[in-house]
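Asks: pasting the sequence and the predicted coordinates here, then a few questions.
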Amino acid sequence: MNSLKIIDAHSHLWLIQNTIVDGMAVKTLENGRSEFMGEVRQMLPPFMIDGRNSAEVFLSNMDYAQVSAAVVTQEFIDGIQNDYLLEVSQKFPDRFFVCGMCEFRRPGFYEQAEKLVERGFKAIKIPAQRLFLKEGRVYLNTDEMMRMFRLMEKNKIILSIDLAEGALQTGELREIISECPNLKIAIGHFGMVTCKDWKEQIKLALYPNVMIESGGITWLFNEEFYPFTGAVKAIREAADMVGMEKLMWGSDYPRTITAITYKMSYDFVLKSPLLTDEEKEMFLGLNAKKFYGFKNLKELPYIKNMSE
């Protein structure tokens, strides 16, 4: 385990939130707070007073927690961050793998996806849980969606996707996998593990090119809280179903660090007796390194804190 290089497979970055989701505002306020769909929420730790969730601040957290690299995904609640994330990936190519995102809530996103490919994005994110709109549901297997997935498969673009809870969208995703068997897919939020029928999402990793990442697993088990014994048991159960080689750790930074430190979002795995050292190494880094193609991973020293 001395050579362990940790990769975070699910994180977020933005400089400002200023968007609309389901007709309600999501907007940066002050002291880490945001107006969030009708209420004020602590979106970031309170010391991030300007509301800027920047790559530089994340890198400081990563370096202290000895996380070598991170996958930066996207979500509609943060607004589309393509321009900023492309800048981040160009500035820190060995530390960040970034996902582009289209406006999937209305027609016309295929042309946006084409532009993302042209700009050099290697992955596209769909927050599919947000596609249940007031005016009707956007299905993942529409003609325009399938056309985009074929484009992604042809250009070796990874699909990063969060699904609605349980089996609500797994049938659509199975159709996509059948149509585009070489499309690499990473399913987030560990199948919404605390919800009914979560294993239906995990089972999708039985397909060769599908992976599961655990972004958000600590907020899903927030009532239980650290050291998240239930989360480790779920990881163990999922590994027994599909193999540990199909699972990746993700933090869902920065939202999760309003409740815990960044290091706490993974060290509960390191401390657990339910997983072997080899399994921990696979889950915390090796699987993501292989899936996303990370190279030149940074060796980070352990820095003692003032409580030690």
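Replies: Nice, thanks for sending it over. Numbering: from 1, shown residues only.
Asks: hey, let's count contacts and neighbours off CA atoms from now on
Replies: OK.
Asks: got the residue ranges for the strands in the stretch 51-200 of the chain?
Replies: 67-72, 96-98, 100-101, 123-127, 132-133, 136-137, 158-162, 185-187 (DSSP state E, counting those that start in this stretch).
Asks: P107: which of these is closest?
Replies: Nearest to P107, of all those, is strand 136-137, at 12.5 Å by Cα to Cα.
Asks: just the pLDDT for S307.
Replies: According to the prediction, S307 has pLDDT 95.
Asks: that older thread, for M24, find the nearest of the strands of the stretch 51-200 of the chain.
Replies: strand 132-133 (12.1 Å).
Asks: where does this structure dip in pLDDT?
Replies: Counting by pLDDT under 70, the ranges of the chain that qualify are 1-2.
Asks: can I get the strands of the stretch 51-200 of the chain in CSV with distance to V26?
Replies: Shown next, in CSV, are the strands of the stretch 51-200 of the chain (distance: least, Cα to Cα, whole Å):
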stretch, distance to V26
strand 67-72, 20
strand 96-98, 22
strand 100-101, 17
strand 123-127, 16
strand 132-133, 16
strand 136-137, 21
strand 158-162, 19
strand 185-187, 24
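Asks: how about TSV for the ones you listed, with mean neighbour count and distance to V210 added?
Replies: As requested, these are arranged in TSV below (neighbours: other Cα atoms under 10 Å; distance: least, Cα to Cα, whole Å):
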stretch	mean neighbour count	distance to V210
strand 67-72	25	16
strand 96-98	26	18
strand 100-101	26	19
strand 123-127	23	14
strand 132-133	14	23
strand 136-137	10	24
strand 158-162	23	9
strand 185-187	26	5
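Asks: among these, which is nearest W219?
Replies: strand 158-162 (14.9 Å).
Asks: and Y292, how far from I158?
Replies: 8 Å (Cα to Cα, to the nearest Å).
Asks: swap that for A205, please
Replies: On the measure of Cα to Cα, A205 and I158 end up 15 Å apart.
Asks: before we move on, back to that, tell me which of the strands of the stretch 51-200 of the chain sits nearest to N222.
Replies: Here strand 158-162 is closest among those (Cα to Cα), at 19.0 Å.
Asks: now tell me what touches that closest one from outside.
Replies: 73, 99, 122-129, 152, 183-189 (Cα atoms under 8 Å, 6 or more residues apart in numbering).
Asks: for the stretch 51-200 of the chain, which segments are assigned as helices?
Replies: In the stretch 51-200 of the chain, the helices defined using DSSP state H, counting those that start in this stretch lie at 55-65, 82-91, 109-119, 143-154, 170-179, 198-202.
Asks: count of residues packed around K295?
Replies: 12 (other Cα atoms under 10 Å).
Asks: if you could redo that for L116, that was the one I meant.
Replies: Quick note: L116 (other Cα under 10 Å) scores 21 neighbours.
Asks: before we move on, what about D267?
Replies: 14.
Asks: and it, that one's in a helix?
Replies: Yes: judged by DSSP: H, G, I helix; E, B strand; the rest coil, D267 forms part of a helix.
Asks: distance of it relative to N287?
Replies: Taken as Cα to Cα, the span from D267 to N287 is 17 Å.
Asks: quick one: which of the helices of the stretch 51-200 of the chain is nearest I303?
Replies: Taking those one by one with Cα to Cα, helix 55-65 is closest: 6.7 Å.
Asks: could you measure the residue nearest to L173 when sequence neighbours are not counted against R106, distance?
Replies: Leaving aside its sequence neighbours, L173 sits nearest to L140 (Cα to Cα, 6 or more residues apart in numbering; 7.1 Å). Distance, L140 to R106, using Cα to Cα: 12 Å.
Asks: these two: who's more crowded?
Replies: L140 (21 against 9).
Asks: wait, that one touches E172, no?
Replies: Yes: assessed by Cα atoms under 8 Å, L140 is found in contact with E172 at 5.9 Å.
Asks: so what's the residue nearest to L173 up against?
Replies: Counted by Cα under 8 Å, 6+ apart, L140 has contacts 128, 146, 169, 172-173.
Asks: of these, grab the buried ones for ChimeraX.
Replies: Listed next is the ChimeraX selection for buried residues among the contacts of L140, using 16 or more other Cα atoms under 10 Å:
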select :128,146,169,173
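Asks: distance to I77 for the contacts of L140 - can I get that in JSON lines?
Replies: Shown next, in JSON lines, are these (distance: Cα to Cα, whole Å):
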{"residue": "A128", "distance to I77": "12"}
{"residue": "M146", "distance to I77": "24"}
{"residue": "Q169", "distance to I77": "20"}
{"residue": "E172", "distance to I77": "23"}
{"residue": "L173", "distance to I77": "23"}
